[in-house]
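In: Curious how this folds, go ahead:
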Amino acid sequence: MAISTGWRKFEYEQKRSPWSFHLLLWPLLDKLVASKVKAKLGGKLRFAVSGGAALSPKIAKLFIGLGIPIQQGYGLTETSPVIAGNQVEDNIPASIGTPLPGIEVKIGKDDELLSRSPCVMMGYWDNKEATQKIIEPDGWLHTGDKARIDKNGHIFITGRLKEIIVLTTGEKVPPADMEMAIALDSLFEQVMVIGEGKPSLGALVCLEKDQFASLLQSLGLDQNDKEILQNKTLLSVLVNRIQKQIHSFPGYAQIHHVGIVPDPWTVEEGLITPTLKIKRNVILNKYSALVSALYSER
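Out: Predicted structure coming up:
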């Protein structure tokens, strides 16, 4: 109730919704619930900036509803590093906000977000070819992210150009949003949706160690069983849990195969970047046998 009422208050203060009698409850809910959470964060937190990865709307609503304004921002190392951000008085959590002063943005081919400003790097060190690929002669930098811009200049990231899965049915699926939704179930420590050139989607998952052990115990399964990662009962349970997380996605964007990877993907192994983005092709190559087995069983 505190989160719901706090969110209503936030939307009212942002002038996106009318006043509601529910707001009369806020002083009490703030005292009983929200103020205690804010106290754990020092008691004087005015706002927090989120960046580095997309902010889940569910997480944004939780914190904002408790009176902790989170402002999502966006940028790249190549843009030193900020392009856009939300403001306290103009905060749309689902967006990355509006461009900072002196920064231009536009939508290019294939809905790619382009940016131009003095913040854009001069180029990659000793790599003229790579520089020319990302920066046009007139200074526009290709972000690699697909986006749309609304009439008020708010930017919404809709996916990655190179991270679109094309099924044999012709359907195109941006996996990032699905992976974020699945990972909201804390059992799934890491997730990568797969299915390029396949008739349906699957997922490679790394499970949180303690929760995995609890799940096996609840299912009456032996965690010391060498074949446990291929256990059909376990895999069926995982598919069902994943489906609950992505039930709002289109029918073709559903997970039908799950493969459990035994160890987390790390920077040291070269499977994720220093900013924790997964390297899809590298992971697919490492687990090619597992992926082949998933689809051969169908």
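In: Every contact and neighbour count from this point should use C-alpha atoms.
Out: Fine.
In: Any buried residues in stretch 32-46, and which?
Out: A34, S35, V37, K38 (16 or more other C-alpha atoms under 10 Å).
In: Please disregard the earlier target; I meant stretch 83-99.
Out: Buried, per 16+ other C-alpha under 10 Å, within stretch 83-99: 83-87, 91-99.
In: Would you convert those into TSV that also reports pLDDT and distance to A48?
Out: Output for the buried residues of stretch 83-99, formatted as TSV (pLDDT from 0 to 100; distance: C-alpha to C-alpha, whole Å):
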residue	pLDDT	distance to A48
I83	98	17
A84	98	15
G85	98	12
N86	98	11
Q87	96	11
N91	98	12
I92	97	14
P93	96	12
A94	94	15
S95	97	15
I96	97	14
G97	98	14
T98	98	17
P99	98	18
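In: ok, so of those, who is nearest C119?
Out: Nearest to C119 among those is I83, at 8.4 Å by C-alpha to C-alpha.
In: Contacts for the helix or strand hosting G259 next, please.
Out: When elements are assigned from DSSP states H and E, G259 belongs to strand 255-260. Identification of contacts with strand 255-260 by C-alpha atoms under 8 Å, 6 or more residues apart in numbering yields 200-207, 229-230, 235, 238-239, 242-243, 290-291, 294-295.
In: Please indicate which of these are buried?
Out: Here, 16+ other C-alpha under 10 Å leaves 200-207, 235, 238-239, 242-243, 290-291, 294-295 buried among these.
In: Would you double-check that V105 falls in a helix?
Out: No - assessed with DSSP: H, G, I helix; E, B strand; the rest coil, V105 is strand; it does not lie in a helix.
In: what's near enough to touch it?
Out: Shown in contact with V105 (C-alpha under 8 Å, 6+ apart): P99, L113, L114, S115, R116.
In: The second one - that's part of a strand, no?
Out: Meaning L113. Yes - counting by three-state DSSP, one finds L113 located in a strand.
In: Format the contacts of V105 as TSV; extra columns: distance to I194.
Out: Output for the contacts of V105, formatted as TSV (distance: C-alpha to C-alpha, whole Å):
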residue	distance to I194
P99	33
L113	25
L114	28
S115	30
R116	34
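In: Which one of the residues you listed is nearest to V191?
Out: Nearest to V191 among these is L113, at 25.6 Å by C-alpha to C-alpha.
In: ok so, going back, dump the buried residues of stretch 32-46 to TSV, plus distance to K277.
Out: Shown next, in TSV, are the buried residues of stretch 32-46 (distance: C-alpha to C-alpha, whole Å):
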residue	distance to K277
A34	32
S35	34
V37	30
K38	30
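In: what's the closest of the contacts of V105 to A48?
Out: Nearest to A48 among the contacts of V105: P99, at 18.0 Å, using C-alpha to C-alpha.
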